[in-house]
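Trainee: Sequence and predicted structure, then a few things I'm wondering about:
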Amino acid sequence: MSVLLIAEHNNKEVRPFTLNAITAASQMDGDVHVLLIGNNCGDVAKSLSEMPAVKKVLHAEAPHYENYLAENFAPLVVKVSENYSHIVSSANTFGKNLMPRIAANLDISQVSDITKVISADTFIRPIYAGNAFATVKSTDAKKCITIEPCETSGGSAPIEKIEATEEFTLSKFIKREEVKSDRPELGTARVVVSGGRGMQNGENFKLITDIADKLNAAIGASRAAVDAGYISNEHQVGQTGKVVVPDLYIAVGISGAIQHLAGMKESKIIVAINKDGEAPIFSVADYGLEADLFEALPQFLEELNKLNSIQK
Ligand code: FAD
């Protein structure tokens, strides 16, 4: 049996989280089929079919698939899932909304937020806000899995058109509100600069913004900074915010509570700036600077400016 991966996309391009999920899915079974549900999304089908890890694209189109509504997607996934051993999606809002409906319909237990595939039925997933990792083995015949954050060209998988299921009329798509930003998306950015309660107020976040501009970075925040109104909640990193795995994570004025670490401690390189040398963030940091952020950040910016002028 094969793996069925549900693609997340905007009818124009595949979302980066889906690419991560494809890589993990191919470790469960080499035969990965991608289910693309949308409207006028032929270009997405083509780009998926060109991914080497993808063996087949199942493509369903209908006007009621134009905007993602889990109530409309779930019946089609359940219908198609008959021939598959694994149903897989990314562990973000998309997957967290869709997959429990599919697991419930198929009467199987979902394996959530896996970070590693050991074998076709055994996975590693974080528990206790990422403080420990559990190895879990699923005995269900069919496995419903979400994956935490491939080669993307060179393949030639066939694209098979499949029938849409009926529109679900009890739920309706009303509108999408998205914050428009020129910055990289927090969930997929290679560099993230985050501020915490130590920033003291929203205006001081400009110190973070200036550095993020120089590094082409996304801006993150601790929950304390969000709750205090320094910055809006789509920037929150952590257990109840976004999980980020950038190449570089810079934590400024953040103590390093376990709920914050749960969202960033897998980052490749962690830099912490904190005036308290005992702050727990230093225990996960690769580079720690014990300093007052109001002195350190302007100096950091000055150095980045010098570097920029040398490069020009
Ligand atoms: P603090 O813990 O107050 O730390 C501020 C830090 O700034 C201190 O270490 C201090 O030394 C330093 N500082 C102060 N002034 C300066 C200065 N001038 N220069 C340098 N350093 C300075 N938190 C999250 O972040 N994300 C989550 O998703 C999340 N989910 C949660 C879920 C639950 C169920 C619960 C109970 C809590 C959750 N929290 C989450 C909250 C978490 O427990 C912490 O309260 C929060 O992370 C603290 O944020 P902070 O580090 O910015 O603030």
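Mentor: That came through fine.
Trainee: which residues touch the residue in the stretch 1-150 of the chain that the ligand sits nearest to?
Mentor: Proximity of the stretch 1-150 of the chain to the ligand (CB to the nearest ligand atom) peaks at Ala129, 7.5 Å away. Bear in mind the C-beta positions are built from the backbone N, C-alpha and C, glycine included. The neighbours of Ala129, taking CB atoms under 8 Å, 6 or more residues apart in numbering as the test, are 239, 258-259, 261-262.
Trainee: List, one by one, the residues from this structure near the ligand.
Mentor: 196-198, 222-225, 236-241, 253-255, 257, 259-260, 263, 274-276, 279, 292-294 (CB under 6 Å from any ligand atom).
Trainee: Sitting in helices, which of the residues you listed do you find?
Mentor: Per DSSP state H, helices hold the following members of the residues of the chain next to the ligand: 223-225, 259-260, 293-294.
Trainee: out of those, what pair is the most spread apart?
Mentor: Gln259 and Phe294 (25.5 Å; CB to CB).
Trainee: Looking at the two, which is more packed in?
Mentor: Between Gln259 and Phe294, Gln259 has the larger neighbour count (other CB atoms under 10 Å), namely 17 against 14.
Trainee: My guess is the more buried one contacts Val237. True?
Mentor: No. Counting by CB atoms under 8 Å, Gln259 stays clear of Val237, with 9.8 Å between them.
Trainee: burial count for the nearest residue to His235 once chain neighbours are set aside?
Mentor: Residue nearest to His235 in three dimensions, not counting chain neighbours: Ala221, with 4.3 Å by CB to CB, 6 or more residues apart in numbering. Ala221 has 31 neighbours, counted by other CB under 10 Å.
Trainee: Please enumerate the helices of the stretch 1-150 of the chain.
Mentor: 16-28, 42-49, 70-80, 93-106 (DSSP state H, counting those that start in this stretch).
Trainee: By average pLDDT, which secondary structure element in the chain comes out worst?
Mentor: Across the helices and strands of the chain, mean confidence by mean pLDDT, DSSP states H and E is lowest for helix 16-28: a mean of 86.
Trainee: Tell me which other helices or strands that helix touches.
Mentor: strand 2-6, strand 32-38, strand 84-90, strand 116-119, strand 143-147 (3 or more CB pairs under 8 Å, 6 or more residues apart in numbering; DSSP states H and E).
Trainee: so where's the stretch 151-300 of the chain uncertain?
Mentor: 151-154 (pLDDT under 70).
Trainee: just the buried members of the residues of the chain next to the ligand?
Mentor: 196-198, 222-225, 236-239, 241, 253-255, 257, 259-260, 263, 274, 279, 293 (16 or more other CB atoms under 10 Å).
Trainee: Adding distance to Thr169, write the ones in helices among the residues of the chain next to the ligand out as a markdown table.
Mentor: As requested, those are exported to a markdown table (distance: CB to CB, whole Å):
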| residue | distance to Thr169 |
| --- | --- |
| Arg223 | 38 |
| Ala224 | 43 |
| Ala225 | 42 |
| Gln259 | 39 |
| His260 | 42 |
| Leu293 | 53 |
| Phe294 | 56 |
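Trainee: follow-up on the earlier one: so what angle separates the directions of the least confident helix or strand of the chain and helix 42-49?
Mentor: 40 degrees (axes from the mean of the first three to the mean of the last three CA atoms, to 10 degrees).
Trainee: Report the buried residues of helix 16-28.
Mentor: 17-22, 24-28.
Trainee: Neighbours of Ala218, how many?
Mentor: 24.
Trainee: show me the contacts for it.
Mentor: 183-186, 189, 191-193, 212, 244, 246.
Trainee: and the two most separated of those?
Mentor: Maximum pairwise distance among these (CB to CB): 14.3 Å, between Glu185 and Val193.
Trainee: The two: who's more crowded?
Mentor: More crowded of Glu185 and Val193, by other CB under 10 Å: Val193, with 28 against 14.
Trainee: For the more buried one, give the beta-bridge partners.
Mentor: As for beta bridges, Val193 partners with Ile219, Ile250 under DSSP bridges.
Trainee: Alright, that wraps it up for me.
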